[in-house]
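the following comprises the amino acid sequence and a computationally predicted model.
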Amino acid sequence: MQKAAARYVIFFQYAGTKYSGVMKTPADQAVEGVENHLESAVRKLKPVNEVSVVISSRTDSGVHALCNSAHVDIQRRGDKPPLLEQDLQDALNFHLKAEPIRITRAYRVHDDFHARYRAVSRTYVYRFAAGLRHHTEMPVTEKDLCWALKDTRLNIDAMQEASALLLGTHDFSSFRALSSETPFKNPVKTLEKAQLEPGVSFSQRHFHRDIQFWELTFQSRSFLYRQVRRMTGALVAVGQGRLSVSQVQELLEARDSLAFPQNMTAPAHGLFLTRVQYRDTDLGACMLTEQ
């Protein structure tokens, strides 16, 4: 008797430098998305059903993740039982070993679980560094992982004051980039965290140069297209004296994507998706009654 498909949520991380983003790209596109490789790895497990990996959180080209998530259904052949969670994690990592993509956890979940819509919060961290004369002074261990701010001394107090303005529920239209999805996305979001704090780097212990690493952490249930990179760009501009705290307030109140200054969006390579959070009850063991 053929057993039903089992649904799993997988948590995974990736270095986004070589990918077009996390979402799947067409077969004729030269640069692939992370999802292409995830689906390929699942197919190598030879499931009966057609493979479809449903990503929880979209990231753009060059953006990294320490924790993204997705759900996938796997129906095994004949009377084989569903894969154990650890076996699924190990098997997928085996097939992904040539890529900078790793499965960190896998959970069996109920059939109505949806990785995107069941997420209760997402956390992004943006990393940048000050105190460099030129971007070539950035340690090689930080290549494509941190935004190098050249010849910059930051007004940290002003940045923290401006970040506080973004907290809470607002219409973030000024902080989203326009896309085909813009008319269908509600620009009102609740930002639960906007925190600036000193960052850390492996190189700081061993590379003796006065480089200051910083991290901006943002947490919300969901974000608009390029919202985090725009908020980061504006806050860094405040730190550099190119934008005032009151101008950040004016941007927020403008509720107009076109009001955002050109060339102020932070580059993709400093951005990390660090957490996608679900309720514990959604990730509990799924006990199905065998018929």
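The structure has been received and is ready for your questions. None of the values given here were measured: they were computed from a predicted structure.

which residues does the lowest-mean-pLDDT helix or strand in the chain contact?
Using mean pLDDT, DSSP states H and E, helix 202-206 stands out as the lowest-scoring helix or strand of the chain, at a mean of 79. Helix 202-206 is touched from outside by P139, T141, E142, I211, F213, with contacts defined as CB atoms under 8 Å, 6 or more residues apart in numbering. Glycine gets a C-beta too; all of them are placed from N, C-alpha and C.

go ahead and confirm the first one touches F207.
Yes - judged on CB atoms under 8 Å, P139 makes contact with F207 at a distance of 5.0 Å.

one step back: ok, of the contacts of helix 202-206, which come out buried?
P139, E142, I211, F213 (16 or more other CB atoms under 10 Å).

give the contact list for the nearest residue to the third one once chain neighbours are set aside.
Pointing back at I211 there. Nearest residue to I211 in three dimensions, chain neighbours excluded: G131, at 4.8 Å (CB to CB, 6 or more residues apart in numbering). Residues in contact with G131 (CB under 8 Å, 6+ apart) are T152, R153, R209, D210, I211, Q212.

tell me the one of the residues you listed nearest Q13?
I211 (24.8 Å; CB to CB).

give me the phi and psi angles of the closest one.
With angles defined as degrees, to the nearest 10, I211 sits at phi -110, psi 130.

coming back round to it: inside helices: which ones of the contacts of G131?
If you go by DSSP state H, the contacts of G131 have nothing in helices.

which among those residues end up buried?
By neighbour count, with 16+ other CB under 10 Å, the contacts of G131 hold T152, I211, Q212 as buried.

which one of the buried ones among the contacts of helix 202-206 is nearest A15?
Among these, E142 lies closest to A15 (CB to CB), at 12.4 Å.

wait, the closest one touches A129, no?
Yes - with contact defined as CB under 8 Å, E142 and A129 form a contacting pair (7.1 Å).

do a quick rundown of the helices in this structure.
34-43, 85-95, 156-166, 202-206, 227-240, 245-254.

relative to helix 34-43, how tilted is the second one?
Think helix 85-95. Using axes from the mean of the first three to the mean of the last three CA atoms, to 10 degrees, the inter-axis angle of helix 85-95 relative to helix 34-43 is 110 degrees.

packing partners of helix 85-95?
strand 6-14, helix 34-43, strand 101-109 (3 or more CB pairs under 8 Å, 6 or more residues apart in numbering; DSSP states H and E).

much appreciated, bye for now.
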